[in-house]
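# Provided below are the primary sequence and the corresponding predicted coordinates.
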Amino acid sequence: MRESSLSHVSRDELDRLYNEQGLTTAEIGGLFEVSDEVVRYRMNQLGIPRRDKSEAARGPRPDRRRLRLDCEELERLYVVEDLDTAEIGRRFGVDGDTVRRHLEECGIARRDKSAAAIRYPRRGFSGVPVEKAYLIGLRLGDLWVKPTNDGPFTTSITVTCTTTRAEQIELFQETFSAYGHVAVTPGRDGNHIAACHLNASFDFLLPKQDCIEAWILEAPEFFVAFLAGYTDAEGCFNVPADGMALYRLQSYDVTILHQIHDVLTEQLEIECPPPRLTVPKGSLIPGGYRRRNDCWALTVKRKSALHRLCSQLETHLKHSKRRQDMYAVWQNVIERGIEEDEPR
């Protein structure tokens, strides 16, 4: 979301960009997607003096333009996200030569331009609607997707997943390795980053919206495939200590959850209550941070509903842990007796 001010940017950070790195107010505005007028207003608020015109005309001093980026993050941007040195430089307010020098200092091998374009083949999307619906569900739940310019005439789609779970990495590899090379690199705090560069036939993954497309909602087969993808990303099956199995989707996407509820109850005869607010916006979470948005949950608990849900998802669910937990829930409701179902 575009910021309307720079109230979140500290004096030290703004001073570093303006005085240490020598960026102009327009360049700083480009980093934060605000106008240069907003930058100047924020500088006045914080008491950061402006350069005079003669100094500004000379531009930044090259010896002070350093890339404020550690080697691990630089490698992720250059190797995993496949950004070129010019784009990395634009992101951090330095030129391409500075980025290339930093690559050399970090021991990160430069890629040959011609070899980079043909190093890994990219295959077009299969066109199968069920697979498309699954991928859209997975994307809306868990994937970061953006267009990447390969050159003046070609565009690729970069898909990225960051997770601490090995099963999620395996799912990513299984899903995309048929279409392009999947690179996995370690990140911080136990995270791993999986990325794949796909060709432009995957542009249907670019939209990120709190809404399920009509063609998915109108066909049960496509909807179930979408729900499997969304469940692989955001869902869980669980048999808690009281032995009362359940299925839960928890997400910020309140519209998607309501759409899922409507199809489950009205078309698939899977009874469940509407989504409910579980964690309000502003609530504290581990690490001392606060939720930026309301978190909602959709829960299925009735035995007959769980039985029908598992039988629907079994064909499409791919996440190994999710499938294992689903079978545990399924076995639980069978052992408890589906025909003796009761309101929950």
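It's in.

# for residue 50, see how far away residue 44 is.
Distance of residue 44 to residue 50, computed by C-beta to C-beta, to the nearest Å: 9 Å. Backbone N, C-alpha and C define where each C-beta goes, glycine included.

# same thing with residue 102?
29 Å.

# those two: who's more crowded?
residue 102 (23 against 12; other C-beta atoms under 10 Å).

# confirm that that one sits in a helix.
Yes. Applying DSSP: H, G, I helix; E, B strand; the rest coil, one finds residue 102 inside a helix.

# quick one: the strands in the stretch 51-200 of the chain, in order.
144-149, 155-163, 182-186, 192-198 (DSSP state E, counting those that start in this stretch).

# any chance of these in TSV, plus mean neighbour count, mean pLDDT and distance to residue 108?
Listed next are those as TSV, based on neighbours: other C-beta atoms under 10 Å; pLDDT from 0 to 100; distance: least, C-beta to C-beta, whole Å:
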stretch	mean neighbour count	mean pLDDT	distance to residue 108
strand 144-149	14	85	19
strand 155-163	19	88	19
strand 182-186	15	88	12
strand 192-198	22	91	15
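
# can you tell which of those is closest to residue 135?
strand 155-163 (9.2 Å; C-beta to C-beta).

# who does the closest one touch, helix- and strand-wise?
helix 129-142, strand 144-149, helix 166-176, strand 192-198 (3 or more C-beta pairs under 8 Å, 6 or more residues apart in numbering; DSSP states H and E).

# got the contact list for the closest residue to residue 316 other than its chain neighbours?
Spatial nearest neighbour of residue 316, chain neighbours left out: residue 228 (3.5 Å); criterion: C-beta to C-beta, 6 or more residues apart in numbering. The contact partners of residue 228, by C-beta atoms under 8 Å, 6 or more residues apart in numbering, come to 134, 137, 313, 315-318.

# helices - which of those residues land there?
134, 137, 313 (DSSP state H).

# domain ranges for this structure?
1-65, 129-205, 214-340 (automatic domain parsing).

# what's the end-to-end length of the second one?
One end of domain 129-205 sits 13 Å from the other (C-alpha to C-alpha, to the nearest Å).

# which ones are touching the most centrally placed residue in the chain?
The residue lying closest to the centre of the chain (C-alpha atoms, centre = their mean) is residue 144, at 3.0 Å. Shown in contact with residue 144 (C-beta under 8 Å, 6+ apart): 159-162.
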